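J.: the amino acid sequence is not available; the structure is as follows:
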């Protein structure tokens, strides 16, 4: 009997901790000051809306803005002669048909995009357009001075990060330009280069966030990030076929969805001023599911589809 006495102390302690955690999860304003970003993005155009125009071109960005997008999402790389260009890939075979890299070419020698380009997150569907030029990040900033931009950095290139930061400062848009990267080391360099820009969770920090949530520690831990960008799991293996073989397993995707799509966690983050953007939603049912689970913003390749949904359904 004496061996079970510890339960009289342990169970109330665990119960008290769980109740306290739940209380602060639902009332984060007691412990944390709500973040205030300079913009709120419900409508995000992935690669400028790569389902309706050729990805990452000025034509695509222009079309997305005309459709009422709140934020443009793009990726950047550095040319041999030091220009920051907008391109998802460093290696240009998929986009242009030429087996060359951006870093090996001067800006004026970059090849044109293909006349038609498959939409990465909508397999079997293609986009086209009159603009096939790889554009400069500076041209995007110059043409859309007041449009927020999510800038993903995929390579640990300090020269690239510095030039992006310099352009952001030059066009006085630190409050509407967002650092994004999957890698913690790259994000650390971005933040060291320009700490005034808001930034998103990396993959490792996202896993850390889930751990904090499931252990009940999330309400007590300060979070510096302002954005959480994550896949809407239901698109995986339907409109998007991942390269990682493990993610092609339907049970794995089911587990990811169950573990990550937590309304209570998203509401807690939203109440702390952190925006939750789910991607890449290219069908109405996916847009609906993203907003239903608590996303504050949806990222899409079809800006006109999302605009119509928001106008008619929200």
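T.: Good, I have the coordinates. Please read these numbers as outputs of a predicted model, since none were measured by experiment. Numbering: from 1, shown residues only.
J.: on the three-state scheme, residue 298 is what?
T.: What DSSP: H, G, I helix; E, B strand; the rest coil gives for residue 298 is strand.
J.: same question, residue 292
T.: Reduced to three states by three-state DSSP, residue 292 is helix.
J.: residue 44 pairs with what?
T.: Taking DSSP bridges as the rule, residue 44 bridges to residue 71, residue 299.
J.: pLDDT score for residue 6?
T.: With respect to pLDDT, residue 6 scores 67.
J.: the one 5 residues further on too?
T.: Confidence at residue 11, expressed as pLDDT, is 77.
J.: distance of it relative to residue 219?
T.: 21 Å (CB to CB, to the nearest Å). Heads up, the C-betas are built off the backbone N, CA and C, glycines and all.
J.: and those two? Which one has more around it.
T.: Using other CB atoms under 10 Å as the criterion, residue 11 and residue 219 rank with residue 219 on top: 21 against 10.
J.: residue contacts, the nearest residue to the more buried one once chain neighbours are set aside?
T.: Leaving aside its sequence neighbours, residue 219 sits nearest to residue 24 (CB to CB, 6 or more residues apart in numbering; 3.5 Å). Residues in contact with residue 24 (CB atoms under 8 Å, 6 or more residues apart in numbering) are 30-31, 219-220.
J.: now, of those, which are buried?
T.: The neighbour-count test (16 or more other CB atoms under 10 Å) marks residue 219 as buried among the contacts of residue 24.
J.: of the contacts of residue 24, closest to residue 240?
T.: When the contacts of residue 24 are ranked by distance to residue 240 (CB to CB), residue 219 comes first, at 33.0 Å.
J.: tell me where the stretch 151-300 of the chain has helices.
T.: Residue ranges of the helices in the stretch 151-300 of the chain, as given by DSSP state H, counting those that start in this stretch, are 158-170, 184-193, 203-215, 250-260, 263-271, 284-293.
J.: how many neighbouring residues does residue 292 have?
T.: By the criterion of other CB under 10 Å, residue 292 has 10 neighbours.
J.: and it, what pLDDT?
T.: Taking residue 292 on its own, its pLDDT is 98.
J.: same check, this time on residue 314
T.: On the pLDDT scale, residue 314 gets 80.
J.: wait, it sits on residue 291?
T.: Yes - at 7.0 Å, residue 314 and residue 291 qualify as touching, with contact defined as CB atoms under 8 Å.
J.: those two - which one has more neighbours?
T.: Comparing residue 314 with residue 291 by other CB under 10 Å, the one with more neighbours is residue 291, at 19 against 9.
J.: now residue 253: closest residue in space, sequence neighbours ignored.
T.: residue 236 (5.0 Å).
J.: may I have the beta-bridge partners of that neighbour?
T.: residue 240.
J.: now it: how far from residue 145?
T.: Residue 236 is 36 Å from residue 145, by CB to CB.
J.: ditto for residue 26
T.: From residue 26 to residue 145 the distance is 40 Å (CB to CB).
J.: what of residue 118?
T.: Distance, residue 118 to residue 145, by CB to CB: 32 Å.
J.: residues contacting residue 167?
T.: Counting by CB under 8 Å, 6+ apart, residue 167 touches 84, 137-138, 141.
J.: distance of it relative to residue 86?
T.: Using CB to CB, residue 167 is found at 11 Å from residue 86.
J.: tell me, what's touching those two both at once?
T.: Common contacts of residue 167 and residue 86 (CB under 8 Å, 6+ apart): residue 137.
J.: tally of neighbours for residue 201?
T.: So residue 201, with other CB under 10 Å, has 26 neighbours.
J.: scratch that, residue 104
T.: Neighbours of residue 104 using other CB under 10 Å come to 12.
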